[in-house]
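The sequence and its predicted three-dimensional model are supplied below.
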Amino acid sequence: METKFVKETRCFKVSRVFPPDVNSYNTMFGGKLMSYIDDIASISATKLCRATAVTASTDSVDFLQPIRPTDCVSLESFVTWTGRSSMEVFVKVIKEDLASGERKIAATSFLTFVALDEHNNPTPVPQIVPETEEESKLFETAQRRAEMRKRRREESKQFADYLLTKYPWE
Ligand SMILES: CC(C)(COP(=O)(O)OP(=O)(O)OC[C@H]1O[C@@H](n2cnc3c(N)ncnc32)[C@H](O)[C@@H]1OP(=O)(O)O)[C@@H](O)C(=O)NCCC(=O)NCCS
């Protein structure tokens with residue numbers, strides 16, 4: 001079976017925080033950061049599978065620190081675990097105060113991508129191999145997260161059966 005090292009999937013992105021990126025409290029708009037997270041995570045997943053990779057789910061985005069226009073925002077992503085066709089990607093968001101250089105973890109997120117073949121069917125991905133301590137910790141704890149996701153997905157499917165698709169005025 002083909003394997004790849006986590007380092008082969010690593011991506012980095014650094015951005016300024018411009019006026020259109022902030023909310024009315026002058027901190028970075030969560031939706032903007034979520035878009036950055038999905039964007040960079042999809043590149044990590046694609047570097048692993050070298051095929052179409054679609055976002056299947058986002059576990060959560062934990063906004064730990066406000067990001068201000070005086071900061072720059074750095075994102076780092078890498079594949080932490082692989083199933084048959086699915087890939088778990090971790091994204092770490094660091095804010096850096098541009099005046100002092102102080103760096104803090106501002107947000108973290110786990111996303112799952114699925115590799116698709118030319119017929120849009122899930123297709124096997126190379127298995128990921130961790131090397132560093134951080135990569136190994138994330139790899140070892142991934143199976144438990146994958147099982148939680150599986151249970152949540154079943155619940156979401158059952159829940160969807162109760163939801164209406166009619167217009168509100170119908
Ligand atoms: C994700 C998707 C491809 C799964 O297709 P499917 O036919 O239901 O696939 P399967 O049930 O065979 O599952 C395939 C893999 O995806 C995983 N998976 C499917 N849904 C998942 C979810 N919500 N969260 C995590 N993993 C998921 C399965 O565990 C399985 O993993 P494995 O191959 O490693 O064992 C399909 O639901 C889809 O196309 N969703 C829309 C994706 C999209 O448009 N994303 C953009 C967001 S706007």
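Sure, I can see it.

drop to CA atoms for contacts and neighbour counts, all remaining ones
Noted.

ok, for the residue nearest the centre of the chain, nearest residue in space, not its chain neighbours?
Nearest to the geometric centre of the chain sits Leu111, at 3.7 Å (CA atoms, centre = their mean). Excluding the flanking residues, the one nearest Leu111 by CA to CA, 6 or more residues apart in numbering is Thr58, at 4.3 Å.

The one you found in helix, strand or coil?
With DSSP: H, G, I helix; E, B strand; the rest coil as the basis, the three-state label of Thr58 is strand.

need the contact list for it.
Counting by CA atoms under 8 Å, 6 or more residues apart in numbering, Thr58 makes contact with Ser109, Phe110, Leu111, Thr112.

The last one touches Gly83, doesn't it?
No. Proximity of Thr112 to Gly83 does not meet the contact threshold set by CA atoms under 8 Å, at 10.1 Å.

picking that back up, let me know the closest of the contacts of Thr58 to Lys95.
Ser109 (14.8 Å; CA to CA).

Look up phi and psi at the closest one.
Main-chain dihedrals, Ser109, degrees, to the nearest 10: phi -160, psi 150.

Skipping its backbone neighbours, what lies nearest it in space?
Spatial nearest neighbour of Ser109, excluding adjacent residues (CA to CA, 6+ apart): Val61 at 4.8 Å.
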